[in-house]
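# What follows is a predicted structure for the sequence shown.
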Amino acid sequence: GENVEQHPSTLSVQEGDSAVIKCTYSDSASNYFPWYKQELGKGPQLIIDIRSNVGEKKDQRIAVTLNKTAKHFSLHITETQPEDSAVYFCAAPIYNQGGKLIFGQGTELSVKP
Amino acid sequence: DTAVSQTPKYLVTQMGNDKSIKCEQNLGHDTMYWYKQDSKKFLKIMFSYNNKELIINETVPNRFSPKSPDKAHLNLHINSLELGDSAVYFCASSQGGRSWINTEAFFGQGTRLTVV
């Protein structure tokens, strides 16, 4: 069936370094790609999203890139800080299944001071 | 002022019991969801309602029954609880109409259900 694959499952970086998380999706009709951050004990929260009419979007230290041909998109966090430590999820809607949002498996990011 | 609130935050109950989780959103959204997050953090959609109409009903046991009395509320009732039902359940909402597919979902804080 349609799915979203996310890698890596865990990522540990030093404060100030960059972090990259990658996702691939299978539904070629998908045209909306959000990234969510989940802090401990809280619900996921949208941090950035991208639509298929652009290849890159940036918001301060975070950016998302999209390659529709290859069906993959990535989250880039620069100058990481300890408060960036959380679980990050990518997602994509599956249109032939009512548009439900399928989440990747999650990446646990740990930023060491 | 919480956008999506769900209660209770923690729920510990014995096998075989029936329990409900309530969810309310004050964002004026037409679409609401229930997601289940397992111990490996995997998030899986269970149900979706658009303006009180069921639009997504994943393959979940029929012991799980969502109820939407109005578009601001989506409750989840679970009958005959089993050990495998232990998880964190998240309610979420997003804007309505067919554009709901491509809009931000706002999540509640989650309900940690533990079945003993």
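It's in. What you see is a predicted model, and the numbers here were worked out from it, not measured in a lab.
# Show me what B:W34 bridges to in the sheet.
Beta-bridge pairing of B:W34 under DSSP bridges involves B:F47, B:C91.
# Which residue is the nearest non-sequential neighbour of the residue positioned nearest the centre of chain A?
Residue closest to the average C-alpha location in chain A (C-alpha atoms, centre = their mean): A:C90, at 3.5 Å. Spatial nearest neighbour of A:C90, chain neighbours left out: A:C23 (3.7 Å); criterion: C-beta to C-beta, 6 or more residues apart in numbering or on different chains. Quick note: C-beta positions are derived from backbone N, CA and C, even for glycine.
# Same check on A:Y95?
In this structure, A:Y95 finds its nearest non-sequential neighbour in A:A29, 4.3 Å apart by C-beta to C-beta, 6+ apart.
# does that neighbour count as helix, strand or coil?
Recorded secondary structure, A:A29: coil (DSSP: H, G, I helix; E, B strand; the rest coil).
# Report pLDDT for it.
pLDDT for A:A29: 83.
# And for it, the neighbour number?
12 (other C-beta atoms under 10 Å in any protein chain shown).
# Kindly report the same for A:E83.
Residues near A:E83, counting by other C-beta under 10 Å: 8.
# how about the residues of chain A near chain B?
A:31-32, A:34, A:36, A:38, A:41-46, A:49, A:51, A:87, A:89, A:93, A:95, A:97-103, A:105-106, A:108 (C-beta under 8 Å from any C-beta of the partner chain).
# out of these, which are buried?
Among those, the ones that count as buried by 16 or more other C-beta atoms under 10 Å in any protein chain shown are A:31-32, A:34, A:36, A:38, A:43-44, A:49, A:87, A:89, A:93, A:99-103, A:105-106.
# partners of the helix or strand containing A:E108, with directions?
Using DSSP states H and E, A:E108 maps to strand A:107-112. Applying DSSP bridges, strand A:107-112 is found paired with strand A:10-14 (parallel), strand A:86-94 (antiparallel).
# Please identify the buried residues of the shortest one?
Residues of strand A:10-14 classed as buried by neighbour count (16+ other C-beta under 10 Å): A:L11, A:V13.
# partner strands of the next helix or strand after that strand, parallel or antiparallel?
Downstream of strand A:10-14, the first helix or strand assigned by DSSP H and E is strand A:19-25. According to DSSP bridges, strand A:19-25 forms sheet pairs with strand A:4-7 (antiparallel), strand A:72-77 (antiparallel).
# For these, give me JSON lines that also has mean pLDDT and mean neighbour count.
Shown next, in JSON lines, are those (pLDDT from 0 to 100; neighbours: other C-beta atoms under 10 Å in any protein chain shown):
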{"stretch": "strand A:4-7", "mean pLDDT": "95", "mean neighbour count": "18"}
{"stretch": "strand A:72-77", "mean pLDDT": "97", "mean neighbour count": "21"}
